[in-house]
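Chemist: Pasting a predicted model and its sequence here:
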Amino acid sequence: METFHVESHLREVYATYPESGHRPVIGITANYVDGDATLRDRYYSQVVRAGGIPVIIPPVDDKDVIVNTLDHIDALLLTGGGDHNPLWFGQEPSPLLHSINATRDLPELLITRLAFNRQIPMLGICRGLQTLALALGGGVAQDISELEHEAVPSESAEGTVGEAGAAWAQRGVVRTIKHSQDADRSLATHSVSLSPQSMLASIYAADGKEANTLCVNSFHHQAVSHGGPRFKATAWAPDGVIEALESTEMKPILGVQWHPEWLGDDGLPIFRWLVEQANLFWKAKKVHERTLTLDTHCDTPMFFPQGVQFGQRDDRILYDLHKMTDGRQDAVIMAAYLPQPKMGEQFSQKVDIAGIIRHNPELASLGTQLSPAQYADMIFDKLEHIVAHYSDYISIARTPADLYEDKRMGRHSIMFGIENGLALNHDLAYVRHFAQRGVVYITLCHNGDNDICDSARGCNTHNGVSSFGEKVIRRMNEEGIMVDLSHAAEKSFYDALDISSTPIVCSHSNSRALCDVPRNLTDDQMRALAQKGGVAHITLYHGFLRADTPEATILDAIDHLEHAIQVMGIDHVGIGTDFDGDGTVRGCADASELINFTRHLLLRRYSERDIAKIWGGNWLRVMAQVQAAKNM
């Protein structure tokens with residue numbers, strides 16, 4: 001018999017400690033009917049059964065409400081409901097359009113895009129599937145009868161309505177089925193075919209075998225026409241209508257056209273999947289809260305003299321304040337990249353001086369000539385100006401202690417690096433000059449031999465490190481600047497390893513055993529680097545990850561990381577993305593997606609301690625050692 005005595009219920013709460021174990025928070029978008037925000041109990045009941053904490057999100061388009069809501073949830077469930085206004089996807093209303101729910105459209109499109117940028121797991125159901133497609137580059141037909149007239153981009157041909165329908169037609173299956181059933185909502189009325197190795201095939205696997213079909217319910221007259229570049233279709237009705245989409249970027253984003261919330265035990269696996277992904281994302285967020293995350297190389301600063309704003313989310317760059325925040329990234333070493341002139345070229349010919357002056361008229365006094373050292377100083381001036389403008393949110397760090405203090409204060413950090421020792425102007429005095437500016441490493445060369453050493457893409461000018469280069473390395477040791485051998489020829493690498501009195505680093509280099517290009521490190525180089533206490537950080541440039549394909553993924557990057565761990569050990573590896581220096585991969589395309597790296601490491605059972613080493617702990621050990629040896 002139910003007890004109507006609150007104290008007895010409270011005693012049950014307080015009978016154990018802690019009062020409850022952790023459960024991830026699932027935000028559920030509400031419907032809107034006649035002035036009321038409403039939600040079918042089936043949605044939140046299935047979330048609770050799956051082990052999640054449901055939180056209902058009303059249809060509000062206030063950005064502060066949406067952003068703060070996303071900061072407190074671990075996954076997003078986009079629910080079913082009325083039609084979208086076709087103006088949102090560039091169409092005029094069809095005579096077959098039903099009642100639109102304009103109150104929901106903008107709030108849900110905004111929350112979907114912002115959740116996507118924050119890497120929050122998402123599940124879309126019916127209208128929610130269509131919201132995913134519309135928000136992220138796909139298309140929706142205003143009525144299923146119009147699908148044959150939808151223009152499907154050629155790049156989205158895989159899994160399109162036409163292709164799927166043709167496949168079913170070859171099996172002699174009737175082309176058209178009823179998609180808005182009159183039967184009870186809990187009754188399955190048609191089948192769907194699942195793509196092999198898809199999320200759904202895995203979610204509904206039994207006895208170690210993937211599922212290939214499901215029986216589902218159906219309550220819709222609109223449907224996705226194509227998923228766009230971020231999604232692939234993975235389930236189809238017998239008439240070829242797309243019944244599910246999932247991410248092409250190895251992200252936990254899934255949408256289904258049917259209503260699993262009404263299917264009881266048969267629908268529960270999808271909600272369990274969402275809760276599992278939410279819990280993994282919560283763990284990744286906790287790792288980033290407790291761990292200092294440092295990316296040791298990006299080339300973004302070269303865009304700042306061209307008028308790009310670091311404080312705006314800008315598609316032209318892969319690092320900005322918004323993306324660092326979305327990816328929960330603490331710190332990055334921003335390099336002043338200097339292109340290497342060819343024989344007979346001047347450095348001023350390699351940079352757009354006119355463009356720099358156009359965006360920075362105060363630099364008109366530079367004229368048409370700009371030395372490498374002047375260019376590097378200008379880059380650092382721009383970074384200091386950015387930091388001064390956003391000083392509440394970001395700081396310049398020069399030591400490991402600075403980084404940890406910034407994290408304690410809730411600020412992001414920028415460190416200075418130089419990519420190409422050309423910046424020294426063949427003058428040892430500039431080593432101290434840049435040390436005083438806060439430069440923490442100098443990559444001795446880039447793509448081409450310079451006066452310091454031979455490059456992996458050079459022509460063996462010095463047979464390794466030059467006599468001037470030897471002096472540079474020793475002076476860098478004296479000034480506490482890390483010696484970076486990414487881009488160096490193999491002979492230059494071993495020479496520098498012998499010359500340097502402190503460990504050397506490779507801020508963005510991969511494994512030649514997995515991708516045979518001269519720019520990558522051999523296993524012998526890795527072992528020699530580790531024996532001297534150095535570190536090598538894998539990078540995200542596709543050409544250094546895979547030589548057999550024009551595109552690489554986050555999984556390829558993790559393969560290189562794990563190979564480096566096998567060769568050198570966990571204490572000598574890390575991540576240097578080379579974002580904005582052509583580094584970007586599917587699944588970790590910019591700074592907003594860096595938390596995905598952590599999510600994949602957790603999936604592979606890496607401990608938080610080892611993840612902390614990978615995310616900068618190893619590098620900071622070497623940095624502290626190099627800086628402690630200054631002028632000893």
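Modeler: Received it, and whenever you're ready, just let me know what you need.

Chemist: residues in contact with residue 585?
Modeler: Neighbouring residues of residue 585 by CB atoms under 8 Å, 6 or more residues apart in numbering: 540, 542, 545, 551, 552, 553, 554, 556, 557. To be clear about C-beta, it is placed using only N, CA and C from the backbone, and glycine gets the same treatment.

Chemist: what does residue 461 give?
Modeler: If a contact means CB under 8 Å, 6+ apart, then residue 461 has 449, 454 as its contacts.

Chemist: Got phi/psi on it?
Modeler: Per-residue torsions, residue 461: phi -60, psi -40 (degrees, to the nearest 10).

Chemist: Same check on the one 10 residues further on?
Modeler: In terms of degrees, to the nearest 10, the main-chain angles of residue 471 are phi -70, psi -40.

Chemist: on that earlier part again, most neighbours among the contacts of residue 585, which one is it?
Modeler: The most crowded member of the contacts of residue 585 is residue 540, carrying 33 neighbours; neighbours defined as other CB atoms under 10 Å.

Chemist: you'd agree it is up against residue 586?
Modeler: No: assessed by CB atoms under 8 Å, residue 540 is found out of contact with residue 586, at 10.2 Å.

Chemist: Could you tell me which residues touch both of those two?
Modeler: Common neighbours of residue 540 and residue 586 (CB under 8 Å, 6+ apart) are residue 552.

Chemist: so how many other residues sit close to the spatially closest residue to residue 128 that is not a sequence neighbour?
Modeler: Distance criterion CB to CB, 6 or more residues apart in numbering; nearest residue to residue 128, sequence neighbours excluded, is residue 78 at 3.0 Å. The burial count assigned to residue 78 is 27, neighbours taken as other CB under 10 Å.

Chemist: need the contact list for residue 78.
Modeler: 29, 108, 112, 122-125, 127-129, 131-132, 255.

Chemist: Which phi and psi values does it adopt?
Modeler: Dihedral angles (degrees, to the nearest 10) for residue 78: phi -100, psi 120.

Chemist: got any ranges where the stretch 401-550 of the chain has weak pLDDT?
Modeler: Applying pLDDT under 70 to the stretch 401-550 of the chain picks out no residues at all.

Chemist: any idea where the helices of it begin and end?
Modeler: Taking DSSP state H, counting those that start in this stretch as the criterion, the stretch 401-550 of the chain contains helices spanning 429-437, 467-479, 490-499, 523-531, 542-545.

Chemist: what about the longest one, distance to the chain center?
Modeler: I take that to be helix 467-479. Taking CA atoms, centre = their mean, to the nearest Å, one finds helix 467-479 lying 37 Å from the centre of the chain it belongs to.

Chemist: and if you look at the third one?
Modeler: Average the C-alpha atoms of helix 490-499, do the same for its chain, and the two points are 34 Å apart (CA atoms, centre = their mean).

Chemist: Which of the helices of the stretch 401-550 of the chain sits closest to residue 447?
Modeler: Closest to residue 447 of these is helix 542-545 (CB to CB; 11.9 Å).

Chemist: Report all helices and strands that the closest one contacts.
Modeler: Judged by 3 or more CB pairs under 8 Å, 6 or more residues apart in numbering; DSSP states H and E, helix 542-545 is in contact with helix 554-568.

Chemist: which element follows the helix it packs on toward the C-terminus?
Modeler: Under the assignment DSSP states H and E, the closest C-terminal helix or strand after helix 554-568 is strand 573-575.

Chemist: what residues does whatever helix or strand comes next after that following strand touch?
Modeler: Once strand 573-575 ends, the next helix or strand along the chain (criterion: DSSP H and E) is helix 595-603. Applying CB under 8 Å, 6+ apart, the contact partners of helix 595-603 are 119, 250-251, 280-281, 283-285, 287-288, 293, 327-329, 554-555, 557-558, 575, 587-588, 611, 614-615.

Chemist: And helix 595-603, what's buried?
Modeler: Using 16 or more other CB atoms under 10 Å as the test for burial, helix 595-603 gives 595, 596, 597, 598, 599, 600, 601, 602.

Chemist: Also stretch 464-484?
Modeler: In stretch 464-484, counting by 16+ other CB under 10 Å, buried: 464-466, 468-470, 472-484.

Chemist: again with stretch 556-574
Modeler: Judged by neighbour count (16+ other CB under 10 Å), stretch 556-574 contains these buried residues: 556-565, 567-568, 570, 572-574.

Chemist: hang on, the earlier thing: just the buried residues of the contacts of helix 595-603.
Modeler: Among the contacts of helix 595-603, those classed as buried by 16+ other CB under 10 Å are 119, 250-251, 280-281, 283-285, 287-288, 293, 327-329, 554, 557-558, 575, 587-588, 611, 614-615.
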